[in-house]
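Visitor: Give me a model of this one.
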Amino acid sequence: MKKKLLATCLFFASNLGNSCFSQQLNSSTLQEVHPVCATQAPGEDWENWFQTKINEFKNSQLTKSNQASSLLYIPVVVHVIYKNGEASGSGSNLKAAQVQAQIDALNDAMAGNAPGNSSLPAVFANVDAGETNIRFCLASKDKNGNTLSEAGIDRINWGNKGWSDPSTLGNNTTSYFDNTIKPNSIWDPTKYFNIWVADFLDANGAGLIGYATFPAGSGLSGMSGLGTGSSSTDGVVMASRCFGCKAKFSNGYYSQNAYAYGITTVHEVGHWLGLRHISGDGQCGNDYCSDTPPQKGGNNGCSNGLNWGCPGYPFQANQCSGNSNGEMFQNFMDYSDDQCRSLYTANQKTRMQTALNNGTYRTPLLNSTVCNTIDLDKIEQNTSILVYPNPTQHEITIQFDHALPNNNIHLKLTDMLGRTVKNEQVNVQGTLLHFTLNDLPVGMYYLNINDGFKNIKNLVVVKQ
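Guide: Modelled structure (predicted):
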């Protein structure tokens with residue numbers, strides 16, 4: 001059985017006793033009591049729009065190709081915000097290995113390989129999404145197209161920027177990030193998933209630990225400020241001491257063990273991809289996922305349908321209509337410790353993929369070329385067929401090392417959303433074929449080549 005890890009890295013600690021709040025904290029001071037998520041959930045108009053997009057996605061032909069095969073890669077830039085005197089790799093100026101450990105932990109969760117996943121109760125294992133087909137990669141290029149010396153890392157000395165010390169902001173942390181830090185450091189959110197990491201959490205885990213923006217969408221003008229991201233704010237904010245994964249890289253800048261294994265980012269990325277708290281932010285509330293049972297919550301004093309700590313299973317069975325099997329405190333979108341949380345459900349997977357197919361600052365990321373395509377291409381290559389140059393601007397050459405039956409091949413080119421952009425039967429004279437790509441936008445594509453013997457799949461990158 002996989003080792004269970006203790007972690008949770010996404011929360012506020014308030015002075016409001018045993019209450020959980022999904023909105024911004026309203027108290028004037030912060031004290032360590034219990035963790036509470038600070039992400040602001042959007043309202044009814046947003047959910048109505050999103051439900052329409054979910055139905056469109058479920059009814060489209062994209063669903064089968066998306067969910068069954070192609071991985072969807074999201075390029076990440078981590079803005080590491082640090083103070084004077086912290087050399088690269090010391091203190092809150094995090095080591096590159098700690099950043100990479102967080103991305104690896106996030107990808108484990110997206111692949112259904114989070115610690116504890118193998119020990120889920122059978123009733124919850126049956127609705128576990130497992131593989132979500134979503135992956136994250138650290139960008140290899142900066143916003144000006146230059147190669148980054150450290151993949152996916154943008155180091156910023158807050159003093160040199162004239163910014164306030166993040167550790168002194170208290171209840172003003174989120175507003176200061178949204179109004180000052182984010183707009184003055186964000187990279188194009190249609191090319192990069194922006195994550196800001198700063199030292200606003202003490203070593204014992206008190207205070208704000210992170211928050212995210214929900215997906216914005218077309219036709220939603222006038223709904224700003226309701227939790228959705230904008231061109232100057234979209235992304236996730238995390239505390240330095242809980243960004244990473246101690247199990248993957250132990251020599252990092254971490255808080256107490258309960259906050260050191262990266263599940264916070266998994267939770268916040270869930271919000272960034274359209275997921276609500278499993279409780280719907282209320283006792284027996286609605287998270288709009290039919291395969292997550294309604295929750296009364298309350299473990300360790302937590303309200304609003306959520307749980308702190310690690311309850312014993314089954315917990316709160318029959319406390320809400322429709323939860324005869326008890327609460328799914330193992331879900332990434334609850335508040336429970338990481339020794340408990342290890343799954344997204346199938347319905348949550350659909351919401352996340354819907355966000356990637358529709359979000360203003362989500363869908364374009366799938367065609368971004370700022371990641372290292374060598375790292376991205378996990379597809380088996382066949383040496384009997386060569387595809388070059390790759391990346392390319394105008395055309396590719398396909399070279400065969402064998403004679404072709406009837407001189408014919410079938411070429412099918414799909415984008416990262418699974419949509420067919422070219423589908424041609426081509427006559428080949430000899431062993432070389434030049435395939436024009438002039439009419440395609442910059443991005444990544446899958447090229448399927450059927451030469452009569454085999455079907456070969458290659459990743460092709462069209463650059464500017």
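Visitor: all helices of the stretch 251-400 of the chain, in order?
Guide: Assigned helices in the stretch 251-400 of the chain, in chain order: 263-272, 346-358, 373-376 (criterion: DSSP state H, counting those that start in this stretch).
Visitor: out of those, which comes closest to Leu120?
Guide: For Leu120, the closest of the helices of the stretch 251-400 of the chain is helix 346-358, at 13.5 Å, according to C-beta to C-beta. C-beta: built from backbone N, CA, C; applies to glycine.
Visitor: just checking, what packs against the closest one?
Guide: Applying 3 or more C-beta pairs under 8 Å, 6 or more residues apart in numbering; DSSP states H and E, we find helix 346-358 packed against helix 44-59, helix 62-68, strand 72-82, strand 134-138.
Visitor: mind running it again at 7 Å?
Guide: helix 44-59, helix 62-68 (3 or more C-beta pairs under 7 Å, 6 or more residues apart in numbering; DSSP states H and E).
Visitor: and the longest one, which residues are buried?
Guide: Using 16 or more other C-beta atoms under 10 Å as the burial criterion, the residues of helix 44-59 that qualify are Trp46, Glu47, Trp49, Phe50, Lys53, Ile54, Phe57.
Visitor: And stretch 306-319, by the same measure?
Guide: Going by 16+ other C-beta under 10 Å, stretch 306-319 has these buried residues: Leu306, Asn307, Trp308, Gly309, Cys310, Pro311, Tyr313, Phe315, Gln316, Gln319.
Visitor: Could you save the residues you listed as TSV and add columns showing distance to Phe200 and pLDDT?
Guide: As requested, the buried residues of stretch 306-319 are exported to TSV (distance: C-beta to C-beta, whole Å; pLDDT from 0 to 100):
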residue	distance to Phe200	pLDDT
Leu306	22	91
Asn307	25	91
Trp308	21	86
Gly309	24	86
Cys310	26	90
Pro311	29	94
Tyr313	34	94
Phe315	32	96
Gln316	33	96
Gln319	36	96
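Visitor: Just the closest of those to Cys284, please.
Guide: Among the buried residues of stretch 306-319, and counting by C-beta to C-beta, the member closest to Cys284 is Gln319, at 7.6 Å.
Visitor: wait, doesn't the closest one sit right on Lys296?
Guide: Yes - checked against C-beta atoms under 7 Å, the pair Gln319 and Lys296 is within contact range at 4.0 Å.
Visitor: tell me which helix or strand of the protein sits lowest on mean pLDDT?
Guide: The least trusted helix or strand in the chain, going by mean pLDDT, DSSP states H and E, turns out to be strand 11-13, with a mean of 38.
Visitor: mind checking pLDDT for the residue nearest the centre of the chain?
Guide: Nearest to the mean C-alpha position of the chain, by C-alpha atoms, centre = their mean, lies Val269 at 4.2 Å. Predicted confidence (pLDDT) at Val269: the value is 97.
Visitor: Look up how far Met352 lies from it.
Guide: Distance, Val269 to Met352, using C-beta to C-beta, to the nearest Å: 9 Å.
Visitor: what's the answer for Ile186, then?
Guide: Distance from Ile186 to Met352, by C-beta to C-beta: 22 Å.
Visitor: So for the two, which sits in the more crowded spot?
Guide: Applying other C-beta atoms under 10 Å to Ile186 and Met352 shows that Met352 carries more neighbours, namely 25 against 21.
Visitor: looking at it, the more buried one is touching Thr132, isn't it?
Guide: Yes - counting by C-beta under 7 Å, Met352 does reach Thr132; the two are 6.3 Å apart.
Visitor: any weak-confidence spans in the protein?
Guide: Low-confidence segments of the chain, defined by pLDDT under 70, span residues 1-37, 61-69, 202-207, 218-225, 373-384, 402-407, 417, 451-454, 464.
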